[in-house]
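Q: for reference, the sequence and a predicted model appear below.
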Amino acid sequence: MKQPTEMNHLNTFTEDDNSSSNSNDYGYQDKKVALGGPYSTDLEAEIQNFLPDGTLGKKKYETEYNPGSASFGMSVFNLGNAIMGSGILGLSYAMANTGIALFVILLVSVAIFSLYSVHLLLKTANEGGALVYEQLGYKAFGMPGKLAASCSITMQNIGAMSSYLYIVKYELPIVIQAFTGNSDEWYTNGDYLVLIVSVTIILPLSLLKNLGYLGYTSGLSLLCMVFFLIVVIIKKFQIPCPLPILDEAALNETVTKVINSTLSHLNRTAVDYSEDVCTPKYVVVNSQTVYAVPILTFAFVCHPAILPMYEELKDRSRRKMQGVANVSFLAMFIMYLLAALFGYLTFNIHVEPELLHTYSKIYKSDVVLLIVRLAVLTAVTLTVPVVLFPIRTSVNQLMCASKEFSWVRHTLITVVLLAGTNALVIFVPTIRDIFGFIGASAAAMLIFILPSAFYIKLVKKESMKSVQKIGATAFLILGFIVMTGSMTLIILDWTSTKNHDGH
């Protein structure tokens with residue numbers, strides 16, 4: 001899942017070219033802040049033993065004197081960990097509301113745009129002399145640029161935390177019901193379970209100073225998603241269509257969807273239930289289509305991890321790192337496409353915003369799905385503290401950079417962040433809204449707007465009339481269009497939904 005990406009937010013503490021290297025390879029290697037700096041006292045207390053020592057005192061772009069140690073294959077695996085996240089669970093929902101053909105076009109487009117932004121980042125890093133996302137922002141636009149990068153990464157992290165807790169909210173009740181056979185008890189209420197897990201497991205882990213061992217959850221998360229993909233493909237050939245309706249609520253939902261689908265085709269006077277439900281659509285446009293692009297951008301964002309991985313790449317070159325990105329994005333593109341396609345073909349219009357939860361309508365006690373749920377629940381529960389760590393560190397640096405480490409402040413920030421995330425999960429109706437809002441705002445900033453803006457500002461050897469600068473400018477404009485357009489349509493959908501059903 002995306003937890004390693006968020007750990008790179010630790011790298012926000014240097015402010016000039018001569019600062020010590022401070023990069024993170026998703027929990028595999030990092031470099032401490034230079035001793036004696038204004039942040040060193042607080043940071044050493046915060047990140048002591050979290051990451052191993054590295055070489056100090058070198059400029060980030062002096063690659064010939066600071067060779068990396070990560071092989072091409074390991075870098076591909078690490079970047080795959082960065083890309084893969086909970087966003088994969090929402091892709092079938094996006095396909096159900098765009099159709100197969102339109103979804104594939106959007107998926108290819110977002111993947112290509114993401115790779116282009118990686119190209120811009122790598123070239124900007126070489127020209128700007130920084131291998132930290134926030135540091136590029138500082139070099140390009142001063143403190144406003146650094147804050148824009150920092151806030152975007154923090155929002156992305158909070159969105160990731162929320163999506164992980166949504167998985168706990170959706171899946172843990174099903175696991176408990178499978179073991180107890182009860183469905184109406186308080187301990188099968190997802191809201192209560194999120195609070196219990198947060199207080200008893202996530203909070204104690206988040207309060208630890210040493211979180212290094214949790215970095216291994218990135219590999220576990222990727223394995224869980226591969227296992228999940230295999231199960232999705234297998235279940236496509238085991239679940240009949242039309243789906244067996246297990247309860248009255250599901251039946252009412254099916255009737256409502258069929259009626260809405262019928263009304264949307266004015267040239268049809270009747271609808272064949274089995275045909276409408278079981279025939280995949282190639283182009284679909286409805287009120288939920290606006291969530292497709294934000295869900296896809298949320299799924300592909302990994303850009304704060306690109307530069308630290310670039311620094312750790314053995315025999316590094318910009319072309320080699322671009323090759324790492326190409327292979328990683330291609331692998332994740334295939335996984336995303338397969339998960340979305342087979343999930344959609346299995347459930348068609350019944351797909352929910354979180355695909356794994358959709359299977360509970362058909363299987364109440366399937367052993368394989370139970371194993372998948374337990375694996376995913378374990379991975380995301382252990383991931384939340386890793387994602388929370390860099391957010392807390394960033395808050396510390398913005399508010400109390402020069403102060404001594406304080407357990408009271410450390411605990412207070414942790415509790416506030418965790419409480420706020422729990423509130424989002426409990427009161428926001430669906431994970432779709434988190435995917436949509438974060439994808440339209442923070443992910444659009446990290447993929448489209450910031451890389452192109454940094455490139456235009458820092459790459460001085462190319463004139464504004466050059467093909468490269470014109471392309472970056474067009475990419476910047478496209479980013480603003482994607483962000484403002486998606487946010488506007490999502491807000492309109494929220495308003496329309498509230499007016500019609502009161503939620």
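A: Here it is on my side, so go on. Residues are numbered from 1 along each chain as shown.
Q: going forward, measure contacts and count neighbours with C-alpha atoms only.
A: OK.
Q: name the residues of the strand or helix carrying L476 that are buried.
A: Element membership for L476 (DSSP states H and E) is helix 467-501. Neighbour-count burial for helix 467-501 flags 469, 471-473, 475-477, 479-480, 482-483, 486-487, 489-490, 493 (criterion: 16 or more other CA atoms under 10 Å).
Q: what packs against it?
A: Under the contact criterion of 3 or more CA pairs under 8 Å, 6 or more residues apart in numbering; DSSP states H and E, helix 467-501 touches helix 431-438, helix 444, helix 450-458.
Q: so G87 makes contact with F435?
A: Yes. Using CA atoms under 8 Å, G87 is in contact with F435, at 7.2 Å.
Q: quickly list what's touching both of the two.
A: Common contact partners of G87 and F435 (CA atoms under 8 Å, 6 or more residues apart in numbering): I295, F298.
Q: between the two ends of stretch 424-442, how far is it?
A: 16 Å (CA to CA, to the nearest Å).
Q: pLDDT averaged over it - what is it?
A: For stretch 424-442, mean pLDDT rounds to 90.
Q: give the buried residues for it.
A: So for stretch 424-442, counting by 16+ other CA under 10 Å, buried means 424-426, 430-442.
Q: show me where the stretch 51-200 of the chain has its helices.
A: Ranges of helices in the stretch 51-200 of the chain, per DSSP state H, counting those that start in this stretch, are 72-83, 91-96, 100-128, 133-141, 143-180, 190-197.
Q: return the helix or strand in this protein with minimum mean pLDDT.
A: Here the helix or strand of the chain ranked lowest by mean pLDDT, DSSP states H and E is helix 40-47, holding a mean of 41.
Q: sorry, back to before: so which of the helices of the stretch 51-200 of the chain gets nearest I362?
A: Nearest to I362 among the helices of the stretch 51-200 of the chain is helix 143-180 (12.2 Å), distances taken as CA to CA.
Q: closest one of the buried residues of stretch 424-442 to I167?
A: So of the buried residues of stretch 424-442, ranked by how close each gets to I167 (CA to CA), first place is I431, at 8.6 Å.
Q: can you list contacts of stretch 338-347?
A: 88, 91-96, 100, 229, 232-233, 235-236, 239, 241, 243, 278, 280, 351, 355.
Q: quick one: distance of that stretch to the chain centre.
A: Stretch 338-347 sits 20 Å away from the centroid of its parent chain (CA atoms, centre = their mean, to the nearest Å).
Q: quick check: mean pLDDT of it?
A: Rounded mean pLDDT across stretch 338-347 is 94.
Q: report the buried residues of it.
A: L338, A339, A340, L341, F342, G343, Y344, L345, T346, F347.
Q: so which of the helices of the stretch 51-200 of the chain is nearest V372?
A: Judging the helices of the stretch 51-200 of the chain by CA to CA, what sits closest to V372 is helix 143-180, at 10.1 Å.
Q: which regions of the chain lie under the pLDDT threshold?
A: 1-67, 210-218, 244-276, 364, 401, 497-503 (pLDDT under 70).
Q: could you redo the last one with a cut-off of 50?
A: Scanning the chain for pLDDT under 50 picks out the ranges 3-65, 246-251, 254-255, 258-259, 261-275, 499-503.
Q: related to what we said a few turns ago, out of the contacts of stretch 338-347, which are buried?
A: Counted by 16+ other CA under 10 Å, the contacts of stretch 338-347 give 88, 91-96, 100, 229, 232-233, 235-236, 241, 243, 278, 280, 351, 355 as buried.
Q: out of the helices of the stretch 51-200 of the chain, indicate the one that is most buried.
A: Greatest average neighbour count among these goes to helix 91-96 (a mean of 30), per mean count of other CA atoms under 10 Å.
Q: could you say what helices and strands it packs with?
A: Helix 91-96 packs on helix 292-300, helix 318-347, going by 3+ CA pairs under 8 Å, 6+ apart.
Q: one more pass at 10 Å, please.
A: On a contact count with 3 or more CA pairs under 10 Å, 6 or more residues apart in numbering; DSSP states H and E, helix 91-96 meets helix 100-128, helix 292-300, helix 318-347, helix 355-358.
Q: angle of the longest one against helix 292-300?
A: Going back to what we said before, that points to helix 318-347. 130 degrees (axes from the mean of the first three to the mean of the last three CA atoms, to 10 degrees).
Q: just how off-centre is helix 318-347 within its chain?
A: 14 Å.
Q: quick one, what contacts V372?
A: Applying CA atoms under 10 Å, 6 or more residues apart in numbering to V372 gives the contacts C224, M225, F227, F228, V231, L356, D366, T378.
Q: could you check how many residues crowd around the last one?
A: By other CA atoms under 10 Å, 16 other residues sit near T378.
Q: what helix or strand is it on?
A: helix 367-400.
Q: how close does M483 sit to S75?
A: 30 Å.
Q: check L458 too.
A: 26 Å.
Q: swap in N348?
A: Counting by CA to CA, the gap from N348 to S75 is 36 Å.
Q: also A178?
A: 39 Å.
Q: what's the closest of the helices of the stretch 51-200 of the chain to L446?
A: Closest approach to L446 among the helices of the stretch 51-200 of the chain (CA to CA): helix 143-180, 6.8 Å.
Q: now the angle from the closest one to helix 133-141?
A: Using the same axes, to 10 degrees: helix 143-180 against helix 133-141 is 160 degrees.
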